[in-house]
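**Student:** Structure here, sequence nowhere to be found:
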């Protein structure tokens, strides 16, 4: 059946359908462009990560005569001398604190150390080496620490180790101390 009064509306619908199809084609094209750009970006990121790894390895072995790094404009500051291993801290001492539930710890400074790591464990929980509780890293040159978080009168084992340019040194002999 034909309705002569609706020819304009039918033409408008046909034009809208054509316009909608063109918009869908444009949208599909843009989505394909987005996928292509994302793939290129992922490739660039992977390449940059590989370059950073290579530079990091080169920096570890850098001896100031590496022409490739110098020509690229890199300049590095290194500590004097070769990387040195660090020993175990000595003279670990626990002193009563003025506050309940705290213990003041001191130990001897280790040459060439960058920072210290401290671990504690209540002596009744000391079953194996994996059950120690780590305390946040202690920045060098600090060789003292206020231990908190244990009940007064509790007996705690404590150990400290230094980190140097070659990594972690050995743990010092553990100290058993009573929390004040």
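**Tutor:** The structure has been received and is ready for your questions. Treat the numbers as computed from the prediction; the structure is a model and nothing was measured.
**Student:** Quick one: name whatever helix or strand follows the longest strand anywhere in the chain.
**Tutor:** Counting by DSSP state E, the longest strand found in the chain is strand 155-164. Counting by DSSP states H and E, the element after strand 155-164 in chain order, helix or strand, is strand 167-168.
**Student:** from memory residue 160 sits against residue 115, does it?
**Tutor:** No - counting by CB atoms under 8 Å, residue 160 stays clear of residue 115, with 10.9 Å between them. All C-beta spots, glycine's among them, are computed from the backbone N, C-alpha and C.
**Student:** If you count surrounding residues, which of these two has more?
**Tutor:** residue 160 (27 against 13; other CB atoms under 10 Å).
**Student:** Residue 162 versus residue 156, what's the distance?
**Tutor:** 21 Å (CB to CB, to the nearest Å).
**Student:** Have a look at these two and say which one is more surrounded.
**Tutor:** Using other CB under 10 Å as the criterion, residue 156 and residue 162 rank with residue 162 on top: 28 against 23.
**Student:** For the more buried one, give the beta-bridge partners.
**Tutor:** residue 116 (DSSP bridges).
**Student:** so who does it touch?
**Tutor:** 86-89, 110, 113-116, 168-169 (CB atoms under 8 Å, 6 or more residues apart in numbering).
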